[in-house]
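# Next comes the sequence, and after it the predicted model I'd like to discuss.
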Amino acid sequence: MGIRLGCIADDFTGATDLANNLVRAGMRVVQLIDVPSEGAGQPVDADAVVIALKSRTVPAADAVEASLRALAWLRSVGAEQIYFKYCSTFDSTPAGNIGPVTEALMDALDADFTVATPAFPDNGRTVFKGHLFVGDVLLGESSMRHHPLTPMTDSNLVSVLGAQTTRPVGLIDHTVVAGGADAIRARIDELRAEGVEMAIADAVSNDDLVRLGEAVRGLPLVTAGSGLAIGLPSNWGFKPSPAAAQLPPPGGHQAIVSGSVSAATNGQVREFLRSGRPGFSVDPMRIAAGEDVAGEALAFAEAHLTDGPVLVYSTETPDAVRTVQGRLGAAEAGELVEQTLARVAQGLVERGVRRLVVAGGETSGAVVQALGITGLRIGPQIDPGVPWCAATLPDGDTLHITLKSGNFGGPDFFSASFALLDGDAS
Ligand SMILES: Nc1ncnc2c1ncn2[C@@H]1O[C@H](COP(=O)(O)OP(=O)(O)O)[C@@H](O)[C@H]1O
Ligand SMILES: O=C(O)[C@@H](O)C(=O)COP(=O)(O)O
């Protein structure tokens, strides 16, 4: 059996989130970090392949180029349908990258229609009348309005996507979705006849995603958060399986590296420190001043690693982040912090850490690249959208790693993740 679903994820936490939902719906999934170099990685023994890119916040032309390279590779291994995965909060700007990447993939696949839905009800992301809700509030009223790189102030996804593409954008609203796959297909035909090429699809429950999944069977391209993955595997006869993939037994020291500035991560960092666990705060202004902040963080960690998990974090409140960005520039501050945290992660692994939690999508990209990881095996789910994974380090050792999306996970996520790993795999 060949590759059924070929997936292109625009960040690394998003990729494991998607892989996790596919595994739980019964597919065997291989997750690759970036596009394999020519000739590498074939043949692939899996039902789905997820290629993790770091393309969410790069210039649109670079995101398009990387996504088309990923597409070419996925087609070379025979993928039957392509899934472009973006954030469940539709993180993007008027310049992209969701619109431009979708257009480029449609052109390359000769696709005249695709759907777009970031809905992920298990994590409180629902779409109704084209408007995205985060928990009980509209996207534009949620903490995402303060995001450092992709502030989301408009909740109407038809207009958000419309601003990023020259193609007409329509809506498959909830009345249609509730009517089932035939009704959705009829609406798609109607939109096509009107010249619409992309449509935001409403979904407020997993049942809606299952109905949508059935309806988009046969479309060459679908675009979504990770939620739609719940509804696709059954198109090929895969059955949901609560038994997440087994990972090898864990060992080694435990650490957390957090560069996420999302509201949920702020709460998780506060909770970890409140419970008396050790944490080292990384100050971007000190990095910019040329101080050896990574070295200090590693010396701190080394003194505590034998007593349990240690946290190294740059996580700060939106006000503090804005102040730093005002002084250094948003992109420059982000880059400085990402590179420092990536060096810290490398140093932690050199000091025997083999169970590592990383918080934040951009941060995870920097860390995984610095560690030389090329693929991940998906293990048990800690919280919706966040699985433990196993990676092989360049020296052959196994690292258990979880890449936590900024706004995912309960307040005690850090402690709970280590407890789950030890309970599950020991
Ligand atoms: N204290 C800080 N000041 C300014 N920028 C920061 C700070 N801490 C982290 N950042 C940057 O903010 C961005 C956070 O993005 P990401 O890692 O995707 O997490 P999230 O989206 O959950 O906030 C990264 O580029 C990170 O380097
Ligand atoms: O879809 C989602 O919300 C996540 O999979 C995701 O992509 C989150 O990104 P970060 O908040 O940047 O971790």
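Okay, I see it. Ligands and ions are numbered 1, 2, ... in the order given.
# Surely Thr166 is in a helix?
No. Secondary structure of Thr166 (DSSP: H, G, I helix; E, B strand; the rest coil): coil, not part of a helix.
# Please name the spatially closest residue to it (chain neighbours excluded).
Glu103 (7.5 Å; C-beta to C-beta, 6 or more residues apart in numbering). (Each C-beta comes from the backbone N, C-alpha and C, glycine too.)
# contacting residues for the one you found?
Contacts here follow C-beta atoms under 8 Å, 6 or more residues apart in numbering; on that basis Glu103 touches Thr165, Thr166, Arg167.
# redo that, cut-off 10 Å
Glu103 sits next to Ala60, Val64, Gly96, Thr114, Gln164, Thr165, Thr166, Arg167, Glu197, Met198 when contact means C-beta atoms under 10 Å, 6 or more residues apart in numbering.
# could you flag which of these are buried?
Those of the contacts of Glu103 that meet the buried threshold are Ala60, Val64, Gly96, Thr114, Gln164, Thr165, Arg167, Glu197, Met198, by 16 or more other C-beta atoms under 10 Å.
# which of the residues you listed come close to ligand 2?
The subset of those lying close to ligand 2, counting by C-beta under 6 Å from any ligand atom, is empty.
# thinking again about what came up before, now the contacts of Glu103 as TSV including distance to Pro250 and pLDDT?
TSV is the format used below for the contacts of Glu103 (distance: C-beta to C-beta, whole Å; pLDDT from 0 to 100):
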residue	distance to Pro250	pLDDT
Ala60	40	97
Val64	39	98
Gly96	39	92
Thr114	40	98
Gln164	42	97
Thr165	44	97
Thr166	49	94
Arg167	47	96
Glu197	47	98
Met198	43	98
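# Tell me the one among the residues you listed nearest to ligand 1.
Checking the contacts of Glu103 against ligand 1 by C-beta to the nearest ligand atom gives Gly96 as the nearest, at 16.5 Å.
# so who does the closest one touch?
By C-beta under 10 Å, 6+ apart, the neighbours of Gly96 are 55-61, 63-64, 102-103, 163-165.
# Also Arg343?
Asp292, Val293, Ala294, Gly295, Ala297, Leu298, Ala366, Val367, Ala370.
# What's the PyMOL syntax to select whichever of these are buried?
To isolate in PyMOL the members of these that are buried, counting by 16+ other C-beta under 10 Å, one can use:
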select buried, resi 293+294+297+298+366+367+370
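# Next to ligand 2, which bits of the protein? Give me the list.
11, 13-14, 17, 87-89, 225-226, 262, 360-361, 385, 405-407.
# circling back: so which of the buried ones among the contacts of Glu103 comes closest to ligand 2?
Gly96 (15.5 Å).
# Need phi/psi at that closest one.
phi 140, psi -160 (degrees, to the nearest 10).
# Just grab the bridge partners of it for me.
Thr93 (DSSP bridges).
# what about the stretch 1-150 of the chain, any weak spots by pLDDT?
Of all residues in the stretch 1-150 of the chain, those with pLDDT under 70 make up the ranges 1, 38-43.
# Tell me where the stretch 51-200 of the chain has strands.
In the stretch 51-200 of the chain, the segments counted as strands under DSSP state E, counting those that start in this stretch are 81-85, 114-117, 125-128, 131-134, 137-138, 169-172, 198-201.
# How about the fourth one and ligand 1, any contact?
Meaning strand 131-134. No. Residues of strand 131-134 are not located near ligand 1 by C-beta under 6 Å from any ligand atom, the shortest gap being 13.3 Å.
# go on, stretch 258-277?
Yes. Remark: stretch 258-277 sits within contact range of ligand 1 at Gly259, Ser260, Val261, Ser262, Thr265, by C-beta under 6 Å from any ligand atom.
# Mind picking the two most distant members of those?
Gly259 and Ser262 (10.4 Å; C-beta to C-beta).
# who touches both of these two?
By C-beta under 10 Å, 6+ apart, the residues touching both Gly259 and Ser262 are Thr315, Ala359, Gly360, Gly361, Gly406.
# Considering those residues, which possesses the most neighbours?
Highest neighbour count within the shared contacts of Gly259 and Ser262: Ala359, with 33 neighbours (other C-beta atoms under 10 Å).
# Nearest to ligand 1 among the contacts of Arg343?
After measuring these against ligand 1 - C-beta to the nearest ligand atom - the closest member comes out as Ala366, at 7.6 Å.
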